[in-house]
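S.K.: no sequence for this one, just the structure:
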């Protein structure tokens, strides 16, 4: 289906075209841009509310600044759909997040307007500051550098580190704080309350507006008058509002808050800010989901709703005649409540992903025992470690890709002290349409190399529940459980909780000549492959290893004594992963079987469905089947 943009939007193939328009046409451009995002996302899917909320801001930035010479850095790419459409990708926007299509996030190799690749939060100020300092060094005095950061991303410690550094420079840096009180879920913490105080202080805002008007007139009388105006402005701001001291105390000139949906005022303010050198911050108030009533009302639900009817707002869902398996994240969420009801020491922790990881189920049932700490993975890990020192058993749920941001804390604050923290790594393995910034490819390798850490992966919902139950037992120590995005395989998943022996795998089926060793959900591919091959009289053994660390050495001795050929399969990186652990065991124990490892090779994989990416990486069912055939020298039968 061809989706046609509005008349003005259709004429914009680059920001240079946008800048040819008259200021009074920008409102229409914004309206057409918002409608185009609604039209495309409703049919093709993708993130929704975040980009709707910054339509006017996006338009104003590209209208005022000379992008791509002026460098615009987005924080968390959910906001950047309008940016992509205005920068030459309008006609391909329907391929967004699809296999072989546009990335859902800004990406340097996709466009010169994407100055920095993003997907994780809180990176924009650091990146833009680096660009600004480089421009300073190269004496590019006319070049502007703009970081657009959401108030949710501002809770990341890296953002404060960048502000601290930026304020000590005289770099030409503008930080645009997109304040909508939301990340995916509502924002939490003192920073949210602080920003709310600024936006709701009538006295401060009234006097601030009057101050701007007076100072604007004074500053026209030359450099000395401008210097005096600046001093007066700083003094009155400090007197009027303690709130402004956070940013101005870091030596950023603070402007705002202003209405982020008033396109003409945005343009006027940004034109003024272009003439002010040094680090500065513009506080912009926006509404996530702006222009689509249902998205404004339920911003979490409409963050990424899937396909929907843009007229009625009905979100399309698949209907099934039989019960379907749940998502792994929901099994986690419900099991957390079940475990916590049995053990009052259990607590839940997540960095700003309560709905994404389903900890919101526990937060609703036990609000005093489940914590959203904001977009702050490092803090989430060490906060969990602190809980553990006091006898609590924290389950710290972090997406695998975001766990990378708290790795030092895992090593230093948890494992070196052998504290009982359970890490539940959601979205482990290929994450699908979110692409390489969100693939959880590396956690097996980076967790199994740390002393004291247990590393486990369930093949189904029952195993996830039992691993969580096992990890909750006294003395379990640091414990990692990884599981993928999406559904499991068991419609009837509420099985009784049973303790597992840590480091013990299970035999799915004994076989002949070839053994398939799987780690995690990917083992379900091997079940299907073994069943298919059995019709031809080919009977590989299949072993669900469950634990990568410690390995089930007793089972491995059995496997290497019996089979001359072994295949390992994992939805994780091959370098240092599960297959590597098996090879280490084989070499250390003097076995000489032929081993073939299947998993994510040493390259970056783009976005697509999980099955498409498994195929490209060479560990989908067909690849597993072909590897068995290759090892035993039997080709597939050809149907006539």
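M.R.: Alright, I've got the coordinates. Fair warning: this is a prediction, and the values are worked out from it, not measured in the lab.
S.K.: chain center to stretch 281-289: distance?
M.R.: 21 Å (Cα atoms, centre = their mean, to the nearest Å).
S.K.: no wait, stretch 489-499
M.R.: 29 Å.
S.K.: now stretch 75-93
M.R.: Counting by Cα atoms, centre = their mean, stretch 75-93 is centred 18 Å from the centre of its parent chain.
S.K.: state the mean pLDDT of that stretch.
M.R.: Averaging pLDDT along stretch 75-93 yields 91.
S.K.: distance between the ends of it?
M.R.: Terminal residues of stretch 75-93 lie 20 Å apart, using Cα to Cα, to the nearest Å.
S.K.: also stretch 139-155?
M.R.: This stretch, stretch 139-155, spans 33 Å end to end (Cα to Cα).
S.K.: and what of stretch 156-172?
M.R.: Taking Cα to Cα, the first and last residues of stretch 156-172 lie 23 Å apart.
S.K.: excluding sequence neighbours, find me the nearest residue to residue 276.
M.R.: Nearest residue to residue 276, sequence neighbours excluded (Cβ to Cβ, 6 or more residues apart in numbering): residue 253, at 6.7 Å. Any C-beta I mention is one placed from the backbone N, CA and C, and that applies to glycine too.
S.K.: same question for residue 493.
M.R.: Distances taken as Cβ to Cβ, 6+ apart put residue 461 closest to residue 493, at 3.8 Å, once the chain neighbours are dropped.
S.K.: residue 57 versus that neighbour, what's the distance?
M.R.: Residue 461 sits at a distance of 43 Å from residue 57 (criterion: Cβ to Cβ, to the nearest Å).
S.K.: likewise residue 472?
M.R.: Per Cβ to Cβ, residue 472 is found 45 Å from residue 57.
S.K.: got it, and residue 177?
M.R.: 11 Å.
S.K.: same thing with residue 597?
M.R.: Here residue 597 is placed at a distance of 47 Å from residue 57 (Cβ to Cβ).
S.K.: more neighbours, the two?
M.R.: Under the criterion of other Cβ atoms under 10 Å, the comparison of residue 597 against residue 57 puts residue 57 first, with 24 against 21.
S.K.: that one and residue 122: what is the separation?
M.R.: Counting by Cβ to Cβ, the gap from residue 57 to residue 122 is 19 Å.
S.K.: distance from the top strand by length along the chain to the middle of the chain?
M.R.: For the chain, the longest strand by residue count, based on DSSP state E, is strand 565-573. Remark: strand 565-573 is offset 26 Å from the chain centroid, using Cα atoms, centre = their mean.
S.K.: who are the packing partners of it?
M.R.: Contact here means 3 or more Cβ pairs under 8 Å, 6 or more residues apart in numbering; DSSP states H and E; on that basis strand 565-573 packs against helix 443-448, strand 514-519, helix 523-534, helix 578-588, strand 594-600, helix 621-632.
S.K.: how does it look with 7 Å?
M.R.: Contact here means 3 or more Cβ pairs under 7 Å, 6 or more residues apart in numbering; DSSP states H and E; on that basis strand 565-573 packs against helix 443-448, strand 514-519, helix 578-588, strand 594-600, helix 621-632.
S.K.: can you give the contact residues for that strand?
M.R.: Under the contact criterion Cβ atoms under 7 Å, 6 or more residues apart in numbering, strand 565-573 has outside partners 429-430, 441-445, 484, 513-520, 522, 526, 559, 577-579, 582, 593-600, 619, 624, 627-628, 631.
S.K.: just want the angle from that strand to strand 514-519.
M.R.: Interaxial angle of strand 565-573 relative to strand 514-519 (axes from the mean of the first three to the mean of the last three Cα atoms, to 10 degrees): 20 degrees.
S.K.: partners of strand 565-573, with directions?
M.R.: Paired strands of strand 565-573, with direction, are strand 514-519 (parallel), strand 594-600 (parallel) (DSSP bridges).
S.K.: just name the most buried of these.
M.R.: strand 514-519 (a mean of 28; mean count of other Cβ atoms under 10 Å).
S.K.: quick one: that strand to helix 578-588, angle?
M.R.: 130 degrees.
S.K.: quick check: which ranges of this structure have low pLDDT?
M.R.: In the predicted model, the chain carries pLDDT under 70 at residues 1, 151, 182-245, 637-640.
S.K.: give me the domain ranges for it.
M.R.: Per the record, the chain has its domains at 67-88+104-201+241-287, 328-482, 506-632, by automatic domain parsing.
S.K.: got those as a markdown table, with distance to residue 493 columns?
M.R.: Output for the domains of the chain, formatted as a markdown table (distance: least, Cβ to Cβ, whole Å):
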| stretch | distance to residue 493 |
| --- | --- |
| domain 67-88+104-201+241-287 | 25 |
| domain 328-482 | 4 |
| domain 506-632 | 13 |
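S.K.: indicate which one of those is closest to residue 51.
M.R.: Closest approach to residue 51 among the domains of the chain is made by domain 67-88+104-201+241-287 (3.6 Å; Cβ to Cβ).
S.K.: what residues sit buried inside stretch 445-456?
M.R.: Using 16 or more other Cβ atoms under 10 Å as the test for burial, stretch 445-456 gives 445, 446, 447, 448, 450, 453, 454, 455, 456.
S.K.: much appreciated, bye for now.
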